[in-house]
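Undergrad: What would the 3D arrangement of this be:
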Amino acid sequence: MLNYCFSVCLKPYNTLAIDVTAKVFVKVNNQDELLEALAYAEHNSLTIIVLSGGSNVVFSEDFAGLVIYIALQGVSYKANNDYVLVTAAAGENWHQLTMNCLSKGFNGLENLALIPGLVGAAPIQNIGAYGVELSDVFHSLKGWDRIHRCWKTLQRNDCQFGYRDSVFKRALKDRFVVTEVTLKLSLEPTVNFKYAVISEYLMGRGISQPSPLEVAEAVIAIR
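TA: So this is what the prediction gives:
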């Protein structure tokens, strides 16, 4: 049974710490709870905001609807010869996922270290930093289509990624809830450190052939 809370302050749930109130607030921990929350909103004629890490959200006023906070957890790995598919639930912390993957020798996320927010928000914005975008390592995602009322898996081309852009900001805006993201990461330590500020930082420390972890550490230090 979901715990619906009323008149909830959203200050802890957005990175700008904007002090606004949601009429109704609920955390969902799995897919069934997500569907229950959506049905609750429909039954009570409530507008919905799906909130992830709150790092790309600016609230200008109180919200007179239902805030659904995505708290789905879990990470799984499926290795191949030279790459691994990493599937992370939408509520996983992005930076923690990045560092955990690097610790396991799964490479490709190092330039995206320390980006705030949760995994589910990453494809919405097509997050990027220092010459790398999510789309460079993206494999697929799963979520709920609120219009067709069904689960869907979208491949890279389906997401129509652009610079800080995706189909979720356009045709699928406000109708698709991401529940998990699958990334295709390399088992080879190939790195991208051509971005000027990264290469200058590394060269300043005498590192000419950095490892993926060293690139991540440089990104963290610069950030």
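Undergrad: what helix or strand is Val24 on?
TA: Element membership of Val24 [criterion: DSSP states H and E] is strand 21-28.
Undergrad: Return the list of helices and strands in contact with that strand.
TA: If contacts are counted by 3 or more C-beta pairs under 8 Å, 6 or more residues apart in numbering; DSSP states H and E, strand 21-28 sits against strand 5-9, helix 31-43, strand 63-70. All C-beta spots, glycine's among them, are computed from the backbone N, C-alpha and C.
Undergrad: Please enumerate the strands of this protein.
TA: With strands called from DSSP state E, the chain shows them at 5-9, 21-28, 48-51, 63-70, 75-79, 83-89, 128-129, 132-133, 138-145, 150-155, 176-186.
Undergrad: Okay, now the sheet partners of the second one, with direction.
TA: The strands beside strand 21-28 in its sheet (DSSP bridges) come out as strand 5-9 (antiparallel), strand 63-70 (parallel).
Undergrad: Those: which one's closest to Glu110?
TA: Checking those against Glu110 by C-beta to C-beta gives strand 63-70 as the closest, at 25.2 Å.
Undergrad: Residues in contact with that closest one: which ones?
TA: Residues outside strand 63-70 that contact it (C-beta atoms under 8 Å, 6 or more residues apart in numbering): 8, 10, 13, 20-28, 34, 37-38, 40-41, 44, 46-52, 90-91, 118, 120, 177, 179.
Undergrad: Quick check: Ala17 touching Leu10?
TA: No: Ala17 lies out of contact with Leu10 (C-beta atoms under 8 Å); the separation is 9.3 Å.
Undergrad: Out of those two, name the residue with the larger neighbour count.
TA: A side-by-side neighbour count of Ala17 and Leu10, using other C-beta atoms under 10 Å, places Leu10 first with 22 against 10.
Undergrad: what sits against the more buried one?
TA: For Leu10, the contacting residues are Ile18, Asp19, Val20, Thr21, Ala22, Phe25, Leu51, Gly54, Phe59, Phe63, Val67, by C-beta under 8 Å, 6+ apart.
Undergrad: from these, which is closest to Tyr130?
TA: Taking C-beta to C-beta as the measure, Tyr130 lies nearest Gly54 of the contacts of Leu10, at 23.2 Å.
Undergrad: any idea how far Leu16 is from the closest one?
TA: Gly54 is 8 Å from Leu16, where distance means C-beta to C-beta, to the nearest Å.
Undergrad: quick one, which of these two is more surrounded?
TA: A direct count of neighbours by other C-beta under 10 Å for Gly54 and Leu16 places Gly54 higher, at 23 against 12.
Undergrad: Show the backbone phi and psi for the more buried one.
TA: Dihedral angles of Gly54 (phi, psi; degrees, to the nearest 10) stand at phi 70, psi 20.
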